[in-house]
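Sequence and predicted structure, then a few things I'm wondering about:
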Amino acid sequence: MIHQPLTPPDDFEAPGSSEGFYAEVVHLMAESGIPFLLSGTYALSCYTGIIRPTKDVDVFAKAGDALRMLSFFKERGFDVQIVDDRWLARVTRGEQFVDIITNMPTSATHVTDEWFKEAPEAVLFETKVHLVPPTQFVWSKIYVQDRYRYDGADVTHMFLKRSEDIDWRQLISSMELHWEVLLTAVLNFRFIYPSERHLIPRWVMDELLERLGAQLEMPSAGKRVCRGRIFSPRDYQIDVAEWGFSEAVGNLEENYATHG
């Protein structure tokens, strides 16, 4: 558990005039009393010290609270937008926007009360906020594997910098149906940081490899299924449209990778 409030590096700044808008929105969100969690580039910076440009601010909220948040900002003269009822809303001003995310669109990773239980405190734009906890941060990033947006490096850097703060049992439980995705991320980490392999608990490797061993003894699946659209709806469209594979999930929004 993280006990000390976190802050981005001193030289982390939003681009151009956007910082004033972000600061105003974050301050009002905190003032509203509606629960939300900061994610995206700002959270990554707080956790790892990585500095990189960002085009927006991402916050996570439960679906009902997201609606309350939109009403709160609309009453104060902001433009609001429901981009996709299934997962994404926005508070906007001109070209500037803050995303309010309730669910990852390809993996049914929706925000619940559990996300808020041990959410670490941070200070952003002189406002106290709470971050998406490391476990849920990894969970929300690990499925973003699109031709134009790949968050694998964010997952790897979280393993490197925050391994002790990740609830590995909860992460495995959350990814029970997709344990191979977690195994792939862990193997990537081991390859990228051979000297830091000890940061992944041994029992995690044992558990995932035991599942792999058991799977290798099983017969092939009877139905041709493509789960690629969990990662990227557009990149694996041909598999279900022309090559005869069944969809692993329902209809998906192809622009899911546009948020920050």
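All right, it came through fine. A quick note: this is a predicted structure, and the numbers were derived from the prediction, not measured. Numbering: from 1, shown residues only.

what residue lies at the spatial centre of the protein?
For the chain, Ser140 is the residue whose C-alpha lies nearest the centre (C-alpha atoms, centre = their mean; 2.6 Å).

Got phi/psi on it?
phi -80, psi -20 (degrees, to the nearest 10).

State the distance from it to Leu171.
As judged by C-beta to C-beta, to the nearest Å, Ser140 and Leu171 stand 11 Å apart. Where you see a C-beta, it was placed from the backbone N, CA and C, and this is true even at glycine.

Which strand or helix spans Asp58?
strand 57-60 (DSSP states H and E).

Now do the buried residues in the helix or strand that comes right after that strand.
Beyond strand 57-60 on the C-terminal side, the first helix or strand identified by DSSP H and E is helix 63-75. Across helix 63-75, burial judged by 16 or more other C-beta atoms under 10 Å covers 63, 65-67, 69-70, 72-73.

Redo those as a markdown table? Include pLDDT.
Below are the buried residues of helix 63-75 laid out as a markdown table (pLDDT from 0 to 100):
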| residue | pLDDT |
| --- | --- |
| Ala63 | 94 |
| Asp65 | 97 |
| Ala66 | 96 |
| Leu67 | 96 |
| Met69 | 97 |
| Leu70 | 97 |
| Phe72 | 97 |
| Phe73 | 97 |
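
What is the nearest of those to Arg227?
Taking C-beta to C-beta as the measure, Arg227 sits nearest to Ala63 out of the buried residues of helix 63-75, at 24.8 Å.

I'd like the distance between the closest one and Asp56.
20 Å.

next one: Lys117
According to C-beta to C-beta, Lys117 and Asp56 sit 26 Å apart.

Same check on Gly20?
When Gly20 is compared with Asp56 (using C-beta to C-beta), they lie 14 Å apart.

These two: which is more packed in?
Higher neighbour count among Gly20 and Asp56: Asp56, with 19 against 13, using other C-beta atoms under 10 Å.

mind giving me the domain split of the chain?
What automatic domain parsing lists as the domains of the chain is 1-132, 133-217.

Nearest to Arg224, out of those domains?
With C-beta to C-beta, the closest approach to Arg224 among these belongs to domain 133-217: 17.2 Å.

which regions of the stretch 1-150 of the chain sit below the pLDDT cut-off?
Residue ranges of the stretch 1-150 of the chain with pLDDT under 70: 1-5, 7-17, 105-108.

what packs against whichever helix or strand Asp206 is part of?
Using DSSP H and E, Asp206 sits in helix 202-216. Here helix 202-216 touches helix 168-174, helix 179-192, going by 3 or more C-beta pairs under 8 Å, 6 or more residues apart in numbering; DSSP states H and E.

For those helices, state which one has the densest average packing.
Compared across the helices and strands packed on helix 202-216, helix 179-192 shows the largest average neighbour count, a mean of 17 (mean count of other C-beta atoms under 10 Å).
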